[in-house]
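Student: this is the structure alone, sequence omitted:
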DNA sequence: GGGTCTCAGATGACGTTGTCATCTTGGTTA
DNA sequence: TAACCAAGATGACAACGTCATCTGAGACCC
């Protein structure tokens, strides 16, 4: 026998997986609540029992991805076999790799936060679910997950340039990495004018920070 | 009296303006062909006489924006009163400024290129319009406009680090600038971990490239 | 100048989608 | 066992992108 809670958790998982699959295949517009439901073995309205709507579902997918990325960077950071600069290179390549391998998911990671007021709705049970449910605000969850990644990344940077300068260089390195990934997947890199590859750029970044060393 | 060509050009302009306005206000989802038509004084189907569809219209808006940005950088580049590093700072800030002031438009500038095959359609007059029309492929137009901006930007970089290194550093600077702009507008900058401001990051970038000078 | 052509725009229609209110049903609990 | 509750099913609705078709006025040729 299957308890109701277990069944619900299973459905939620299936919904997230289906949404992630469809997102990979055809981008956000391909993520149809009807198709998501069908793949999860439920009907179109069922997702509303687990998420406030389509946005909320996609945000949850992004949250899980951020958590996965944060875990990867953590594993990489605590690997004793790697040098500090190797770890930094690896962390940068991890993020850029998501952009290359899962471009649609990647764009979800960097979507505008925050609910517009009209997103809140006023159905009674929806309000209650938002207040009491374990999920909480999906947008806030994603911010939290992204922040965990940023912390891990910052720790990697600190190993290389010291705690003092980590904040400043961390921001520079992370924004640069995102720019590389996003311009690569949007086709703005590798044009006639910008013929550099992501790997070249990452190498230059790491070298610059290593050379300049501790003086920001 | 108004010739037909003039009237059509006027409508096309009104459609582009209306789309740009709606994009600014509420993002791509707020750009409804019906509302665009209404603001331009025509009906929902009229835009299809000037663009192949909604995507094409938004792409055209992005194209015009790229051209405007390219013009701005060109004006800045040919300003004799500025130093080379000042010009670079200005060019970087120009791009980031668009991200800050018109976030929705900015995201349109960096959208995935390329038509999916099913976008082509097979209506006879549509095919003819695509083949013979002066507009050509809207996606290709945007690529061209973006490339013009990249060329202008590269010229600015070349003034500072020389022709030889311009390609490499240009790619690094441009991707970084985009990363700064995009993470700023998506709320990933200015968090606890990443407290840097765009201006600080731009200054560091320019200083790094200036210091390292000619050796890539 | 009259007839024909051409194309910008209007109109009606269709399928799809997100969202909601309502209903059903089977696990849960007193 | 009976009341209860929430997960899910179902019907419905408005909005949207898109298309085929129709209309009318400027453009063009004789």
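Tutor: Great, that's in hand. No experiment lies behind these values; they were computed from the predicted model shown. Numbering: from 1, shown residues only, chains lettered A, B, ... in the order given.

Student: please make it C-alpha for all contacts and neighbour counts, starting now.
Tutor: Fine.

Student: just give me the neighbour total for the residue of chain A found nearest chain B.
Tutor: In chain A, the residue that lies nearest chain B is residue A:179 (3.6 Å; Cα to the nearest Cα). Residues within reach of residue A:179, counting by other Cα atoms under 10 Å in any protein chain shown, total 27.

Student: and the nearest residue to residue A:175 once chain neighbours are set aside, how far from residue B:202?
Tutor: Take residue A:175 and drop its neighbours on the chain: the residue closest to it by Cα to Cα, 6 or more residues apart in numbering or on different chains is residue B:179, 4.5 Å away. Using Cα to Cα, to the nearest Å, one gets 11 Å for the distance from residue B:179 to residue B:202.

Student: same question for residue A:186.
Tutor: Look at residue A:186 and residue B:202: by Cα to Cα, they are 22 Å apart.

Student: ok, these two, which is more surrounded?
Tutor: Between residue A:186 and residue B:202, counting by other Cα under 10 Å, residue B:202 is the more crowded of the two (22 against 17).

Student: tell me the angle of the helix or strand harbouring the more buried one relative to helix A:198-212?
Tutor: Assigned by DSSP states H and E, residue B:202 falls within helix B:198-212. Counting by axes from the mean of the first three to the mean of the last three Cα atoms, to 10 degrees, helix B:198-212 lies at 80 degrees to helix A:198-212.

Student: if you count neighbours, what's buried in helix B:198-212?
Tutor: If you call a residue buried by 16 or more other Cα atoms under 10 Å in any protein chain shown, then helix B:198-212 has these buried ones: B:198, B:201, B:202, B:204, B:205, B:206, B:209.

Student: swap in stretch A:71-91?
Tutor: If you call a residue buried by 16+ other Cα under 10 Å, then stretch A:71-91 has these buried ones: A:72-74, A:76-77, A:84-91.

Student: which outside residues touch that stretch?
Tutor: Identification of contacts with stretch A:71-91 by Cα atoms under 8 Å, 6 or more residues apart in numbering or on different chains yields A:94, A:149, A:152-153, A:155-157, A:159-160, A:202-203, A:206, A:210.

Student: and which of those is nearest to DNA strand C?
Tutor: Closest approach between the contacts of stretch A:71-91 and DNA strand C, by Cα to the nearest atom of the strand: residue A:149, at 27.9 Å.

Student: next SSE after the lowest-mean-pLDDT helix or strand in chain A?
Tutor: Ranking every helix and strand in chain A by mean pLDDT, DSSP states H and E puts helix A:124-132 at the bottom, with a mean of 33. Once the chain leaves helix A:124-132, the next helix or strand it forms, by DSSP H and E, is helix A:138-161.

Student: off-centre distance for that next one?
Tutor: Relative to the centre of its chain, helix A:138-161 is centred 11 Å away, using Cα atoms, centre = their mean, to the nearest Å.

Student: re the thing from before, just the angle for the helix holding residue B:202 relative to helix B:138-161, thanks.
Tutor: Using the same axes, to 10 degrees, helix B:198-212 lies at 50 degrees relative to helix B:138-161.

Student: show me what helix B:198-212 is packed up against.
Tutor: Packing partners of helix B:198-212 (3 or more Cα pairs under 8 Å, 6 or more residues apart in numbering or on different chains; DSSP states H and E): helix B:84-101, helix B:138-161, helix B:163-185.

Student: deepest of those, which one?
Tutor: Mean neighbour counts were compared across those using mean count of other Cα atoms under 10 Å in any protein chain shown; the top stretch is helix B:163-185, at a mean of 24.

Student: and that one, what does it pack onto?
Tutor: helix A:163-185, helix B:84-101, helix B:138-161, helix B:198-212.

Student: what angle separates the last one from helix A:163-185?
Tutor: For helix B:198-212 against helix A:163-185, the angle between stretch directions is 90 degrees (the same axes, to 10 degrees).

Student: so what touches helix B:198-212?
Tutor: A:171-172, A:208, A:216, B:85, B:88-89, B:92-93, B:96, B:160-161, B:169, B:173, B:177, B:180-181, B:184.

Student: and for stretch A:4-21?
Tutor: In contact with stretch A:4-21 (Cα under 8 Å, 6+ apart) are residues A:31, A:36, A:37, A:39, A:40, A:47, A:50, A:57, A:58, A:60, A:61, A:105.

Student: please repeat the previous calculation with a cut-off of 6 Å.
Tutor: Contacts of stretch A:4-21 with the rest of the structure, by Cα atoms under 6 Å, 6 or more residues apart in numbering or on different chains, involve A:31, A:36, A:39, A:40.

Student: is any part of that stretch close to DNA strand D?
Tutor: Yes - using Cα under 7 Å from any atom of the strand, stretch A:4-21 comes into contact with DNA strand D via A:4, A:5, A:7, A:8, A:11, A:12.

Student: what strand or helix carries the second one?
Tutor: Okay, so that is residue A:5. Per DSSP H and E: helix A:4-26 holds residue A:5.

Student: helix or strand next in line after that helix, which one?
Tutor: By DSSP H and E, the next helix or strand past helix A:4-26 is helix A:33-39.

Student: buried residues, that following helix. List them.
Tutor: A:33, A:35, A:36, A:37, A:39.

Student: which pLDDT value goes with the spatially most central residue of chain A?
Tutor: The structure's chain A has its C-alpha centroid closest to residue A:66; by Cα atoms, centre = their mean the separation is 3.4 Å. On pLDDT, residue A:66 comes in at 98.

Student: ok, now residue A:208?
Tutor: 89.

Student: ok so, going back, OK, contacts around the residue of chain A closest to chain B?
Tutor: B:175, B:176, B:178, B:179.

Student: now do the contacts for the second one.
Tutor: If I follow you right, that is residue B:176. Contacts of residue B:176 (Cα under 6 Å, 6+ apart): A:176, A:179.

Student: circling back to that earlier point, so the helix holding residue A:5 versus helix A:84-101, what angle?
Tutor: Computed with the same axes, to 10 degrees, the direction of helix A:4-26 lies at 80 degrees from that of helix A:84-101.
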